[in-house]
Structures are given as structure tokens and as C-alpha cells.
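> This is the structure alone, sequence omitted:
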């Protein structure tokens, strides 16, 4: 008996199917709901075996599928399904399943069409935005609140501190996990993320600039290396100092004198040291760290083989510009009739997704040349002019850990840089 196959695929939902592996005499394949190839199959064949993946490929409704099955059975065409059990036009339960699948498919098609047109996904607009014709626009009453949350995090690098700041200034209570989602959300950067994992850039007004978003990503990566709750600590050495022998972390304690004036003293004290290490004055370790970083950082940077950041940025920017140029050529092709609207929308969507990937890679690159900034921070006066919050920022940009090594004459510091 002659064996033929029929394949139907929706280009909005799945990739074009590979038919080279099919061991059949003839293959009919459709890509639109018109199903021209299916009608040709029915007109050209009789008393053959027909292989299909699923019964719902024969039509878009139960009535249409039933009519097609009736036509095939009247031509003595045996229908074999390869991805589901044997089905019959007279089985009510199977038809109900088909109806459910068709409804789900139409919903997914609707979402896919909205995605191709870069419309906002269904659901409530994120805090700081509101909906307008299926797109996000800034909410003038709440967008400034979100912007100040980001500004506070960029200034101090503390997620919990930014959450407390919102509650204190605006009486806006959010959880730390919500604040984390805000910091990593593409929506506040003017982009849209879809369930497919693709990101489309510049779909609506952004609250965060590209440079600010890149800085937030670097701060979040840096904070992951630190012990819990030290990212928001007010002291610059918090979470960085450890005993060189037992690797016990050092906590910062504060002592106030009983005398008049109540002068405050700061000490670094080991938390779980088996050597019974003594407390050390915080200012001594701070000054020693500044002296050590001024001495060791230029040499450590010179020994590291750093890539040419400018060349990498240039290549990425050229690739983005090239895809932008292709994107700008699509509207004239529609006007001239070379491309239909559906194909043009699909091509535009894929180009924008590729541009978003390149922009992500670009944002993850260091903002400045490492050797240049190492020369600047190696000047002792640079550190003395900074506040504790500013010193904390720069320490964590370069230092992974400060090891306190005890010697016969006292102690020494060893800096472990992040590169």
C-alpha cells in the first residue's frame, strides 16, 4: 500500500519541520490555515495510508476535522497518527480533547501575534507604569518612586537599604524579594521579556537608562560574593576581612567610652576563630588596606591579561548597527509589496530579539579600562577624600577578601583581588 504523509505547522508557534527523515512515498505540507496541500492530497489519492502527527492538523475546529476525516474514510484512506493514539471521528472524548487543544492553540496564537507586534503581555502593568492601548506608559504618580528606589541602590549598593528608604520616604512597603525583581526586571529598562525567553528592546519608556542598568547588574554580581547582610553595612570593610589561618570572618564591633563625651571606638573581632585571635582596631586595618591596595593593585592589574574592551565594544556596536540597518529596510519592502505584513512583523521581531542579546553583552562589559582606573585608585589621597560608603563601593569593586595574617611582630594584610 502506498504511504503518504501530511504535515501542518504554524510558523508563529514552531519551527519549520524537517521532512528529510520521513520514510514515505509522498509528503504534503501546509503552513497556513488554508490547507491547500491537504485539499490536493484528498483530490489526488485513494486507498492509501496517511500518516499525520496529530488529528488536529486536519483543521481548526472539530467540525472541520470531522468533515476531513469523513472525506478520507470515504476514499478508503487509512489515517495513522504518530504522536498520539489511534483516533476515530466518532469518539466523543477524543473530540473534546481536540476542542480543548484547538482553544489553547488559538490563545497561544493570539499571544504570539501580540508578541510579534511587541505588545505588552496580559496582566496588570508593573508598578510605575499603566496600560495604554496594549502598551506600557509611565505612571506620573508612581514612576518617580521607582526611580528613587533605583537611585538609592546605585548610591549605596544596598537592596535592604533601598527598601527601607521607600517605606520611610513614601510609605511604600515592598518585600526584599520584590525589590530584587525590580532591580532585574527588563520592564524598567524599556524592554519586554516573554515566556519564550526572548527579550525585545525599546518597547516603551524606560525608568532606568542603559548605563544605570549595567551598573545595577554589576552591583548585584558583586554583592553575591559577600556574606549575608553585609552589602548594606555602613562600614567599608564589612564582609571583606577574614583570619588568614582559620578563615573566620571578622565582624565590626562598636565600643563607647564611659567618660564625658562618650567617644566611639571600632574594632574588628573574629566570629569563630579557633586560634583565639584578639580584636584589632578598625582604623588600623582600614589604613593598612588603603596602603596595601595602593601598593599591590597596579602590579596585580599589570599581571592580568585584560582583553581589549574598546575593540569588543566596537564589534558589538557594529553588529547592533548592522541589524538596526536591516530593521530600517523592512518598512519600504512592505510598501513595495515584496514582504507581506505578517512576514515583516516576524522578521522584525527576530531582529529586535537579536539586538537585545547583543545589547545585553554590551552592558556586561566593564565601563572603563581597568588599567586606567587602577592608576587613579592607587593614590592614597584618593581614598582619604572618600566617605565610608564611597570607600565601600571601591573596595568591593576590586577586593574579594582581605586576609589578616598574624606574625611575630604583629599582623600583615593580604589582598585577594577579584581578577
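Nice, thanks for sending it over. As the structure is a computational prediction, the values presented were derived from the model and not from experiment.
> Report the next helix or strand after whatever helix or strand residue 104 lives in in sequence order.
Assigned by DSSP states H and E, residue 104 falls within helix 92-116. Counting by DSSP H and E, the next helix or strand C-terminal to helix 92-116 is strand 129-132.
> Run through the neighbouring helices and strands of that following strand.
Helices and strands touching strand 129-132, by 3 or more CB pairs under 8 Å, 6 or more residues apart in numbering; DSSP states H and E, are strand 135-138. In this view, the C-beta of every residue, glycine as well, is placed from N, C-alpha and C.
> Return the set of buried residues in the strand it packs on.
For strand 135-138, a neighbour-count test (16 or more other CB atoms under 10 Å) marks 135, 136, 138 as buried.
> need the contact list for the last one.
When contacts are counted by CB atoms under 8 Å, 6 or more residues apart in numbering, residue 138 is found next to 128, 129, 130, 205, 207.
> what about the first one, distance to residue 114?
Counting by CB to CB, to the nearest Å, the gap from residue 128 to residue 114 is 21 Å.
> of these two, who's got more company?
residue 128 (21 against 15; other CB atoms under 10 Å).
> Grab the nearest non-local neighbour of the more buried one.
Residue nearest to residue 128 in three dimensions, not counting chain neighbours: residue 146, with 3.9 Å by CB to CB, 6 or more residues apart in numbering.
> what about that neighbour, helix or strand, and which?
According to DSSP H and E, residue 146 maps onto helix 143-156.
> how about that helix: buried residues?
Using 16+ other CB under 10 Å as the test for burial, helix 143-156 gives 143, 145, 146, 147, 148, 149, 150, 152, 153, 156.
> Now the second one: closest residue in space, sequence neighbours ignored.
Sequence neighbours aside, residue 170 is the residue nearest to residue 145 in space, at 5.3 Å (criterion: CB to CB, 6+ apart).
> Tell me, how many residues neighbour that neighbour?
13.
> I'd say it and residue 146 touch.
No. Using CB atoms under 8 Å, residue 170 makes no contact with residue 146, being 10.2 Å away.
> what ranges do the strands span in the stretch 301-419 of the chain?
Remark: strands assigned in the stretch 301-419 of the chain by DSSP state E, counting those that start in this stretch are 399-406, 411-417.
> Provide the strand pairings for the shortest one, with the direction of each partner.
Okay, so that is strand 411-417. strand 399-406 (antiparallel) (DSSP bridges).
> before we move on, back to that, can you go through the contacts of residue 138 and name the buried ones?
Buried residues within the contacts of residue 138, counting neighbours by 16+ other CB under 10 Å: 128, 129, 130, 207.
> Pick the one among those residues closest to residue 365.
Nearest to residue 365, judged by CB to CB, of the buried ones among the contacts of residue 138 is residue 207 at 22.6 Å.
> Name the spans of the stretch 1-150 of the chain whose pLDDT lies under the cut-off.
Filtered on pLDDT under 70, the stretch 1-150 of the chain yields the residue ranges 20, 84-96.
> Turn the buried ones among the contacts of residue 138 into TSV, including distance to residue 108.
Converted to TSV, those look like this (distance: CB to CB, whole Å):
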residue	distance to residue 108
128	29
129	25
130	26
207	30
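> So which of these is the closest to residue 120?
Nearest to residue 120 out of the buried ones among the contacts of residue 138 is residue 129 (CB to CB; 8.7 Å).
> any idea how far the residue nearest to residue 210 when sequence neighbours are not counted lies from residue 319?
Among residues not flanking residue 210 along the chain, residue 363 sits closest, at 6.2 Å (CB to CB, 6+ apart). Distance of residue 363 to residue 319, given as CB to CB: 14 Å.
> swap in residue 225?
31 Å.
> quick one on the thing from earlier: pretty sure the residue nearest to residue 128 is touching residue 127, no?
Yes. If you go by CB under 8 Å, residue 146 and residue 127 touch, sitting 6.5 Å apart.
> and for these two, which residues touch both?
Common neighbours of residue 146 and residue 127, counting by CB under 8 Å, 6+ apart, are residue 182.
> Look at residue 66 and tell me its secondary structure.
Of the three states, residue 66 takes helix according to DSSP: H, G, I helix; E, B strand; the rest coil.
> what about it, distance to residue 99?
For residue 66, the distance to residue 99 (CB to CB) stands at 11 Å.
> Residue 114 too?
From residue 114 across to residue 99, the span is 23 Å (CB to CB).
> just for the stretch 301-419 of the chain, where's the confidence low?
Counting by pLDDT under 70, the ranges of the stretch 301-419 of the chain that qualify are 304-308, 366-370.
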